[in-house]
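# Sequence and predicted structure below; questions after.
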Amino acid sequence: MIREFWVENFLSIKERQTLNFETKSKDDEWASVDMGGDKRINKLAVIYGANASGKSNMLLALQNVFEILFYARNNRQDSVRTRRPFALNDDKQTNMYVSFYANHIRYDYTVSYTKECILFELLEWYPYGSKSLFYERHFVSQESQAEIKFGTSLKVSAKTRDVFQQNTLNNHSVLSVFDKISFDIDAKPVADLYYWIDNYIHGVNSQLNLPILIMKSIEGNDKAKQFYLKLLKKADFNIVDLYTERVTEELPQRISLYDLMNSSKKGEGQIERTKIYFVCEAGKDRFTLSYDEQSEGTKKFLANLTSLYSSVTDNNIYLIDEIDSELHDDLLLFYLNTFIMNSKESQLIFTSQETSLLNEDLLNTHRDFVFFAEKNRDGAYSEYTRADEFGLHKNLSLYKSYRNGRLGAIPQLGSPLLYLENDEKD
């Protein structure tokens, strides 16, 4: 689980902006996870704000810090895996920090970099409850290897340290070298962290798989299929079964990526492709609809069940942008409550435009779930504030306070009446 994250100089983020997911509340223990040492981490976090306020950019930054930590580079000419810095600070370094728990061990990672190279990184961990050095790395020059120091608690051999030293290029992290080279058993702490990131950190909207990939994950897995069908029924879609079938059709003039990946040529002017079907129930009668005939809301909910299933059956971290897209607000609330009541140590961090959620107990009571993103009017950069930092009295509605502009993060709109240059004004 992610405890805290901050970033400087990334996309619309100029000055240091922080997301902290710790909670002091021990009420509703199902809403947070006890990580030991009086640390409780919220399972849920949502970022609200106007369009172009930087909501999505914070998710991308959070994704990016793990990308830098995880992905290696094989060519020293490649740029660091990142996105551009704040437009007015293009010549300055980007700084990031993330504190998280992997396999119940806390890690703190700090990195500073430019587009060309990583200038500094520090990875610390708490294997026995107190902070220890995992590794520290300093940039020397473009022509030289970085200086790398490993902590004694890591217990890696001199040979393993040398392998890391020789294979760490200036444009990727020390940890990511694990993807390039085979290591001895003494590198197990590195392997454990590397595989944890690979398995449990999911990038922005990674749950939105092609529908055929979702179906392949269900087929042959009775537990997963029953989960999907139970949730589809609870969501009031009247769906009682789903399956795939290979069908032969006339070759369309245009073919989508979905069809291209799941089709093969079958005679002149024909293709054979995999189609998804839903068995629907109306009273005592049943009928079948194809995936293409379903509503966009049904398709979106089906896609989101990917993250929900893995979150309640294992411990995962998902970043979802505009989670409310195509979903009714009641259905979204049902989805979030299902996640938070059934997951154990999973975490869901998302953005939303569905302000009605602020009127629900889930968010109005747990205000430390909620962050507001606002564009600074003078500097055009994004700023983020957690809802409980505004000092609102508990009896004041979070929804009404937001809608009334007391919390910022709403668009400043002009008059809808337009006067064009050649219009005659009365």
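Received, thanks.
# Run through the helices of the stretch 51-200 of the chain in chain order.
In the stretch 51-200 of the chain, the segments counted as helices under DSSP state H, counting those that start in this stretch are 55-70, 158-167, 188-200.
# Of all the ones you listed, which one comes closest to Tyr291?
helix 55-70 (27.4 Å; C-beta to C-beta). Bear in mind the C-beta positions are built from the backbone N, C-alpha and C, glycine included.
# Would you mind checking the average pLDDT for that closest one?
Across helix 55-70, the average pLDDT comes to 97.
# that older thread, could you say which of the helices of the stretch 51-200 of the chain is packed most deeply?
Most buried of the helices of the stretch 51-200 of the chain, by mean neighbour count (mean count of other C-beta atoms under 10 Å): helix 55-70, with a mean of 22.
# Could you tell me how far it lies from the centre of the chain?
8 Å (C-alpha atoms, centre = their mean, to the nearest Å).
# Ile47: what's it in contact with?
Lys55, Met58, Leu59, Ile349, Phe350, Thr351, Ser352, Phe371, Phe372, Ala373, Tyr384 (C-beta atoms under 8 Å, 6 or more residues apart in numbering).
# could the residues you listed go into a markdown table alongside distance to Arg273 and secondary structure?
Formatted as a markdown table, the contacts of Ile47 follow (distance: C-beta to C-beta, whole Å; DSSP: H, G, I helix; E, B strand; the rest coil):
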| residue | distance to Arg273 | secondary structure |
| --- | --- | --- |
| Lys55 | 37 | helix |
| Met58 | 39 | helix |
| Leu59 | 34 | helix |
| Ile349 | 36 | strand |
| Phe350 | 33 | strand |
| Thr351 | 34 | strand |
| Ser352 | 35 | coil |
| Phe371 | 43 | strand |
| Phe372 | 45 | strand |
| Ala373 | 42 | strand |
| Tyr384 | 45 | strand |
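# Quick one: residues contacting Ser176.
Ser176 makes contact with Leu69, Phe70, Tyr71, Ala72, Arg73, Tyr194, according to C-beta under 8 Å, 6+ apart.
# Surely the last one touches Leu175?
Which is Tyr194. Yes. When contacts are counted by C-beta atoms under 8 Å, Tyr194 is listed as touching Leu175 (6.2 Å).
# can you list residues touching both of these two?
Contact criterion C-beta under 8 Å, 6+ apart; residues shared by Tyr194 and Leu175: Phe70.
# shaky segments in the stretch 201-350 of the chain?
251-269 (pLDDT under 70).
# all strands of it, in order?
For the stretch 201-350 of the chain, the strands defined by DSSP state E, counting those that start in this stretch occupy 201-202, 239-250, 263-265, 270-282, 285-290, 317-320, 347-351.
# wait, which of the contacts of Ser176 is closest to Val80?
Closest to Val80, out of all of the contacts of Ser176 and judged by C-beta to C-beta, is Arg73, at 7.9 Å.
# Give me the pLDDT value at the closest one.
94.
# separation between it and Leu175?
Separation of Arg73 from Leu175 (C-beta to C-beta, to the nearest Å): 13 Å.
# for Lys300, same thing?
Lys300 is 35 Å from Leu175, by C-beta to C-beta.
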